[in-house]
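Visitor: What shape does this take:
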Amino acid sequence: MPRSRINGNFIDKTFSIVANILLRIIPTTSGEKEAFTYYRDGVMSAQSEGNYAEALQNYYEAMRLEIDPYDRSYILYNIGLIHTSNGEHTKALEYYFRALERNPFLPQAFNNMAVICHYRGEQAIRQGDSEIAEAWFDQAAEYWKQAIALTPGNYIEAHNWLKITRRFE
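Guide: Residues are numbered from 1 along each chain as shown. Purely as a prediction, here's the structure:
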């Protein structure tokens, strides 16, 4: 049974009802409707309940069905979020890159990539490798600059870090 039919949360139920109405009135193919159902179930599984394995299954199925590059970018982004949450940073970066290939206007993907790079820079410092740390921090700076360029006024902490570390141009 699809997760959207068994979720007991009021907000999730409301979202499901509205989504189902929209799917009926907006002209879409049956494949697009099915892809959205898997995407919605993936979001609800991952974000509401933390069932990452189930969410990944739904996202992979949505990827199989979805043909629109823009919609696929959000599916890939969400797969990246799950891998980030699981500490699988290399996989997460791969999915964020793939999302950005399809939609270069995802500031949240750039931000998450920057956070991972910054984290790796901090790890390198703890391991005593300042040269590697600087390379990771430089990469983080580049990603944060792209995120900030797309959404000026967001990512204030990143903006401040760029200024403090003299990486903001």
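Visitor: May I have the residues that are in contact with Lys163?
Guide: With contact set as Cβ atoms under 8 Å, 6 or more residues apart in numbering, Lys163 has no partners. C-beta here means a position set from N, CA and C on the backbone, and glycine is covered the same way.
Visitor: Can you name the helix or strand that the residue nearest the centre of the chain falls in?
Guide: In the chain, the centroid-proximal residue (Cα atoms, centre = their mean) is Tyr77; its distance is 3.2 Å. Per DSSP states H and E, Tyr77 falls inside helix 69-85.
Visitor: buried set for that helix?
Guide: 71-84 (16 or more other Cβ atoms under 10 Å).
Visitor: Other residues contacting stretch 136-154?
Guide: For stretch 136-154, contacts defined as Cβ under 8 Å, 6+ apart pick out 105-108, 110-111, 113-115, 117-118, 120-121, 124, 155, 158-159, 161-162, 165, 167-169.
Visitor: just to revisit the earlier point, list the helices and strands the helix holding Tyr77 packs on?
Guide: helix 30-43, helix 52-65, helix 89-102, helix 107-126 (3 or more Cβ pairs under 8 Å, 6 or more residues apart in numbering; DSSP states H and E).
Visitor: okay, the angle between the third one and helix 69-85?
Guide: Computed by axes from the mean of the first three to the mean of the last three Cα atoms, to 10 degrees, the angle separating helix 89-102 from helix 69-85 equals 170 degrees.
Visitor: mind saving the C-alpha coords of helix 89-102 as CSV?
Guide: Taking Å, rounded to 0.1, in the frame of the first residue of the first chain, the C-alpha atoms of helix 89-102 are listed here in CSV:
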residue,chain,number,x,y,z
HIS,A,89,29.1,12.3,1.9
THR,A,90,30.7,11.0,-1.3
LYS,A,91,27.4,9.6,-2.5
ALA,A,92,25.5,12.8,-1.4
LEU,A,93,27.9,15.0,-3.4
GLU,A,94,27.3,12.7,-6.5
TYR,A,95,23.6,13.2,-6.3
TYR,A,96,23.8,16.9,-5.7
PHE,A,97,26.0,17.2,-8.8
ARG,A,98,23.5,15.2,-10.8
ALA,A,99,20.7,17.4,-9.5
LEU,A,100,22.6,20.5,-10.5
GLU,A,101,23.3,19.1,-14.0
ARG,A,102,19.5,19.1,-14.6
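Visitor: ok and it relative to helix 107-126, angle-wise?
Guide: 150 degrees.
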